[in-house]
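Visitor: turn this into a model:
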Amino acid sequence: HGARQHVIASVQAGVILVCVSIALLFLGVTYVDVAEGFKVLGGLGLALGIGFLISSGLSYRLSKSFGLLDRDRSVEKLTA
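Guide: Reported below is the predicted structural model:
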């Protein structure tokens, strides 16, 4: 896999984790009897999701500055 695929995978993981975490936090507000567990899981998942998104942004910027994204595109043209 190239740099572009790794960045896309990180963005996908981040978005999914953020969405699931928001749902867990919503459940924590809705169901008071089990709220603590939902809020803890939602908070941890949200932190992980945001971490994935930040990581993918940094990976993209670093890959672009190192010229890895251009190299991936050149390899794709050669193999097509």
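
Visitor: can you find the helix or strand in this protein with the smallest mean pLDDT?
Guide: helix 68-79 (a mean of 66; mean pLDDT, DSSP states H and E).

Visitor: what segments of the chain are strands?
Guide: Counting by DSSP state E, the chain has no strands to list.

Visitor: now the residue positioned nearest the centre of it: how far from Gly67?
Guide: Nearest residue to the geometric centre of the chain (CA atoms, centre = their mean): Gly14, 2.0 Å. Going from Gly14 to Gly67 by CB to CB, to the nearest Å gives 25 Å. Any C-beta I mention is one placed from the backbone N, CA and C, and that applies to glycine too.

Visitor: same deal with Leu24?
Guide: Taking CB to CB as the measure, Leu24 falls 40 Å from Gly67.

Visitor: which of those two has more neighbours?
Guide: Leu24 (19 against 11; other CB atoms under 10 Å).

Visitor: is it correct that the more buried one is in contact with Gly49?
Guide: No. Taking CB atoms under 8 Å as the definition, Leu24 is not a contact partner of Gly49, at 11.0 Å.

Visitor: give the buried residues for the lengthiest helix in the chain.
Guide: Using DSSP state H, we find that the single longest helix of the chain is helix 35-65. By 16 or more other CB atoms under 10 Å, the buried positions in helix 35-65 come out as 38, 41-42, 45-46, 48-49, 52-53, 55-56, 59-60, 63.

Visitor: how far off centre is it?
Guide: 6 Å (CA atoms, centre = their mean, to the nearest Å).

Visitor: give the rounded mean pLDDT of that helix.
Guide: Across helix 35-65, the average pLDDT comes to 94.
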